[in-house]
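Chemist: I need the structure of the sequence given here:
(2 chains)
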Protein chains: 2
Amino acid sequence: MTEPASFDPSCPLPIPEYPQILLAHGGGGRLMHDLLETVIFPAFSNPVLDPRHDSAILDLGGVRVAFTTDGYVVRPLFFPGGDIGSLAVNGTVNDLAMAGARPRYLSAALIIEEGFAMETLARVVGSMRMAAETAGVLLATGDTKVVDRGKGDGIYIATAGLGIIEHSLTIAPQSVQPGDAILLSGDIGRHGMAIMAVREGLAFESAIESDCAPLFGLVQTLLDAGTAVHCLRDCTRGGLASALIEIAETARLELRIREQAVPVREDVQGACEILGFDPLYVANEGRCVCFVPAAEADRALSILRGHPLGTDACRIGEVMEGRPGQLLMQSRIGTWRIVDRLSGEQLPRIC
Amino acid sequence: MTEPASFDPSCPLPIPEYPQILLAHGGGGRLMHDLLETVIFPAFSNPVLDPRHDSAILDLGGVRVAFTTDGYVVRPLFFPGGDIGSLAVNGTVNDLAMAGARPRYLSAALIIEEGFAMETLARVVGSMRMAAETAGVLLATGDTKVVDRGKGDGIYIATAGLGIIEHSLTIAPQSVQPGDAILLSGDIGRHGMAIMAVREGLAFESAIESDCAPLFGLVQTLLDAGTAVHCLRDCTRGGLASALIEIAETARLELRIREQAVPVREDVQGACEILGFDPLYVANEGRCVCFVPAAEADRALSILRGHPLGTDACRIGEVMEGRPGQLLMQSRIGTWRIVDRLSGEQLPRIC
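Modeler: Numbers count the residues shown, from 1 in each chain, chains lettered A, B, ... in the order given. Prediction:
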């Protein structure tokens, strides 16, 4: 195995300061990271928010509860494999699942544009209902606001989720250990490419469908088998690469993955090449990485593969002590490179 | 006392069906009610949502938890007495307080328009932080999305809140009893008129400031004194009238109030007259009604008046068995009338 080349971590890139919000500030890359680090986190710093996991973990009268929120502004509202309604449910229940919490309740705040078709609203709401039933959560509370024509984009949905942690593990970036194996639950890039194909009017032989799905069932098979899961993260905005970089930074460890081990479907790879995207950064809505002790990796992998959402699960890399906060990837020809955050915007309005 | 005139409840108004969303569907009046009853509630019907209280009450492993959400789309973003940030915190903690729950945690999903000034974002976020500190809640989890220039309106914020119910009362419309006294925590109409004065460019001798404030402290004084609180409701979108009509309908009881007993500040009354608004329907963000047994009304009133947010509290009416679902008001000259939901839009984008 070729060793990664050395580099100088004391030489950060100059980070420009922007006086205005850019689309890229919502894209899951470097600008979003900067926005959070310079404006959002400093304002709200507290022991619950600071661990920066997908969900906050709360002690409510002795019960361990996971709490999370996401806004959904995807464009177009309907795409192969899902719509803003199913996305708003699955995205939030997945953030709970990534804390190892069983999703129980959702809230939904709808911000609707004047002139939006009532029939379309009924479709979106029906889709939320079906997704909630599939994920086993109840829509407990909601709100509806209407904004002037031209001031929304059909509909935006913000959901918040509550889940219960029924085990004693601490599933979080802070639990990742050197030596852990990195498992990926399936092929990547489908959600982002499904959206982009619609937006760009691309017609492929077969439509690329979003992988949008609720992941707690998959997580539960690992937990039920007593797997010592250290960390879980779904590979949404910013894709697999951004998810792993965030974990590397929070855990202050080095992550290494092998490009060849990361499954990308042929049609997705083709669409990425046509549109100039790197599948590593393309959003998924039903894929996650799992960090488990190396000794448990083979067993965990076969458990994942036994679940319908994990049939293509694979081991893509491991955790090292080497360079804290870095993600390194070995290419198909054996060379290593540092995988960094995208600085700009690859895919706006993807979720 | 003049008795209310008789009427025929079996003759409902014809309700038009709209193929598209109108601004009035978000206004807290009849159209919003119709939207919820015909599209939203049927889709999500479940035992947690169906009580239609300001918060859902959940049993999380034996702990009684209140859970609520609201989207905030107020225009302008800054107004005398508050801004979208303080509103997004206080509005949601108040929905928890109205279930008698101590607000503990908030989530915040920000939907920001491309081109929004970073400095303004920092002000909004700072205001959320201060309001959260005042209300004693932690911002536990958040999300940031960016939408294209022209597709937002600066910033929309959706917050969800979690609170703990530390008493054994069931504070909900279903607990309202015939004979209950209706208390109001202070003067009405200030939030809506503060916003409208800015929008319309009206200059009054002294600026009308929003009453935007967190209400749990006020509620707590009642609970600490052992008051048998039956129901609480903040008088937000749709104002005092809409809040009382909702309770009358859910409790299937008749509510009676006296116009003369409802305090409206002179400048607010003047602004309402200039703009053609009825203060009964104007939004408040720091006012609530309390339903308590008649025997406890005087004591509850003096408790409310002892709190800075309740100095002008007053007894405005009582609950009757008569006409389920109706709100009746005695005018200053002694005649009675049915107070109905506004069918159209009095104040769009008020919260």
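Chemist: if I pick the residue nearest to A:A228 when sequence neighbours are not counted, what's in contact with it?
Modeler: Distances taken as Cβ to Cβ, 6 or more residues apart in numbering or on different chains place A:P293 nearest to A:A228, at 5.6 Å, with adjacent residues excluded. From N, CA and C alone the C-beta is placed, and that goes for glycine too. Applying Cβ atoms under 8 Å, 6 or more residues apart in numbering or on different chains to A:P293 gives the contacts A:Q177, A:G179, A:D180, A:A181, A:A228, A:H230.
Chemist: so which of those residues is the most crowded?
Modeler: A:D180 (25 neighbours; other Cβ atoms under 10 Å in any protein chain shown).
Chemist: is it true that it touches A:A228?
Modeler: No - with contacts counted by Cβ atoms under 8 Å, A:D180 stays clear of A:A228, the gap being 9.7 Å.
Chemist: Check which helix or strand the residue most central in space within chain A maps to.
Modeler: By Cα atoms, centre = their mean, the mean C-alpha position of chain A lies nearest to A:T236, the distance being 2.7 Å. Here A:T236 sits in a region with no helix or strand, counting by DSSP states H and E.
Chemist: Can you show me the CA trace of stretch A:73-89 as PDB?
Modeler: C-alpha atoms of stretch A:73-89 as PDB (Å, rounded to 0.1, in the frame of the first residue of the first chain):
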ATOM      1  CA  VAL A  73     -36.300  23.600  -0.200                       C
ATOM      2  CA  VAL A  74     -35.800  21.000  -3.000                       C
ATOM      3  CA  ARG A  75     -36.400  22.000  -6.600                       C
ATOM      4  CA  PRO A  76     -38.300  20.500  -8.400                       C
ATOM      5  CA  LEU A  77     -40.900  19.400  -5.800                       C
ATOM      6  CA  PHE A  78     -41.400  16.000  -7.400                       C
ATOM      7  CA  PHE A  79     -38.600  13.800  -8.800                       C
ATOM      8  CA  PRO A  80     -38.100  10.100  -9.600                       C
ATOM      9  CA  GLY A  81     -38.200   8.200  -6.400                       C
ATOM     10  CA  GLY A  82     -39.700  10.900  -4.100                       C
ATOM     11  CA  ASP A  83     -40.900  14.400  -3.600                       C
ATOM     12  CA  ILE A  84     -40.500  17.200  -1.000                       C
ATOM     13  CA  GLY A  85     -43.000  15.500   1.300                       C
ATOM     14  CA  SER A  86     -41.300  12.100   1.500                       C
ATOM     15  CA  LEU A  87     -37.900  13.900   1.700                       C
ATOM     16  CA  ALA A  88     -39.000  16.100   4.600                       C
ATOM     17  CA  VAL A  89     -40.000  12.900   6.500                       C
END
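Chemist: In the contacts of A:P293, find the pair that's most separated.
Modeler: The distance between the two most remote of the contacts of A:P293 (Cβ to Cβ) is 12.2 Å, for A:G179 and A:A228.
Chemist: What residues does the stretch 151-300 of chain A have near chain B?
Modeler: A:K151, A:G152, A:D153, A:Y156, A:A158, A:A160, A:L162, A:I164 (Cβ under 8 Å from any Cβ of the partner chain).
Chemist: Filter these down to the ones in strands?
Modeler: Counting by DSSP state E, these place A:Y156, A:A158, A:A160, A:L162, A:I164 in strands.
Chemist: neighbours of the residue in the stretch 201-350 of chain A positioned nearest to chain B, just the number please.
Modeler: At 6.8 Å from chain B, A:R349 is the closest residue in the stretch 201-350 of chain A, using Cβ to the nearest Cβ. Counted with other Cβ under 10 Å, the neighbours of A:R349 add up to 21.
Chemist: For it, list the residues it contacts.
Modeler: A:V73, A:V74, A:R75, B:V147, B:D148 are the contacts of A:R349 under Cβ under 8 Å, 6+ apart.
Chemist: Confirm that A:I257 sits in a strand.
Modeler: Yes - assessed with DSSP: H, G, I helix; E, B strand; the rest coil, A:I257 lies in a strand.
Chemist: what are the bridge partners for it, then?
Modeler: Beta-bridge partners of A:I257, counted by DSSP bridges, are A:G317, A:M329.
Chemist: re earlier: include secondary structure when you put the contacts of A:P293 into JSON lines, please.
Modeler: As requested, these are arranged in JSON lines below (three-state DSSP):
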{"residue": "A:Q177", "secondary structure": "coil"}
{"residue": "A:G179", "secondary structure": "coil"}
{"residue": "A:D180", "secondary structure": "coil"}
{"residue": "A:A181", "secondary structure": "strand"}
{"residue": "A:A228", "secondary structure": "coil"}
{"residue": "A:H230", "secondary structure": "coil"}
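Chemist: where do the helices sit along chain A?
Modeler: For chain A, the helices defined by DSSP state H cover A:30-35, A:41-44, A:84-97, A:118-135, A:190-200, A:216-224, A:239-251, A:266-275, A:297-305.
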